[in-house]
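Asks: sequence? don't have it. structure:
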């Protein structure tokens, strides 16, 4: 792992940081935007000492998880990706963000339990359309991930009003995978409490693919 030879706190460094390709389709720039950072005038970039690690785990997230989803279902919309410690602290204080995102949204600091990792909140327009039209269930994408992406670390579905026009979920890669699929639709619950059989999952996923035209 080679440390980049620039300072992400400078303009030229920020420009270079945004141009770093994390995978075939995704660049670092897509994961740096934050409404919290913009509103409270905070810089949302990795520490210089953690920059190489942030790029490494971001590449895992994109290459192993986001690229396969985009290849199968079409465009992936990144709603939120990297959060610095400062930005996450502002989110905790004012916007109900997770108290500690190390190893999750904070890519340049490891989690005590799960090591290094990277998480993004995403939506997939085709999936959202299929779910909101009633042609498929939101859980369907969880079972596709469960069976097709062996490197998944955790999945978390949201249900707050501002997400009503799209199906949003956190998807993460961790060095030591968390292996949880959580939903907040109807209250916090784990989808892994009642895993459909392999045959049932195949039927669910086939219906999802048909509904998405994938």
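Replies: Yes, it's here. Keep in mind the model is a prediction, meaning the values are calculated, not measured.

Asks: I'd like the next helix or strand past the helix or strand of the chain with the lowest mean pLDDT.
Replies: Within the chain, judged by mean pLDDT, DSSP states H and E, the helix or strand with the poorest mean is helix 85-95; its value is a mean of 84. Next helix or strand after helix 85-95 toward the C-terminus (DSSP states H and E): strand 117-123.

Asks: Please name the strands paired to that following strand in the sheet, noting orientation.
Replies: Partner strands and pairing direction for strand 117-123 (DSSP bridges) are strand 77-80 (antiparallel), strand 168-174 (antiparallel).

Asks: how far does that strand sit from the chain's center?
Replies: 1 Å (Cα atoms, centre = their mean, to the nearest Å).

Asks: ok, residues contacting it?
Replies: Strand 117-123 has contacts (Cβ atoms under 8 Å, 6 or more residues apart in numbering) with 31, 54, 57-58, 60-61, 66, 69, 76-82, 101, 103-105, 107, 110-111, 153-154, 158, 163, 166-175. For glycine as for every other residue, the C-beta is placed from the backbone atoms N, C-alpha and C.

Asks: switch to 7 Å and redo it
Replies: Contacts with strand 117-123, where a contact means Cβ atoms under 7 Å, 6 or more residues apart in numbering, come from 31, 57-58, 60-61, 66, 76-81, 103-105, 107, 111, 153, 166-175.

Asks: buried sites along it?
Replies: Within strand 117-123, the residues that count as buried by 16 or more other Cβ atoms under 10 Å are 117, 118, 119, 120, 121, 122, 123.

Asks: do stretch 167-176 as well
Replies: Using 16+ other Cβ under 10 Å as the test for burial, stretch 167-176 gives 167, 168, 169, 170, 171, 172, 173, 174.

Asks: Tell me which two in the residues you listed are the farthest apart.
Replies: 167 and 174 (22.6 Å; Cβ to Cβ).

Asks: ok so, going back, export the buried residues of stretch 167-176 as a markdown table, with columns for pLDDT and distance to residue 190.
Replies: Below are the buried residues of stretch 167-176 laid out as a markdown table (pLDDT from 0 to 100; distance: Cβ to Cβ, whole Å):
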| residue | pLDDT | distance to residue 190 |
| --- | --- | --- |
| 167 | 90 | 18 |
| 168 | 91 | 18 |
| 169 | 95 | 14 |
| 170 | 96 | 14 |
| 171 | 98 | 16 |
| 172 | 98 | 16 |
| 173 | 98 | 19 |
| 174 | 98 | 17 |
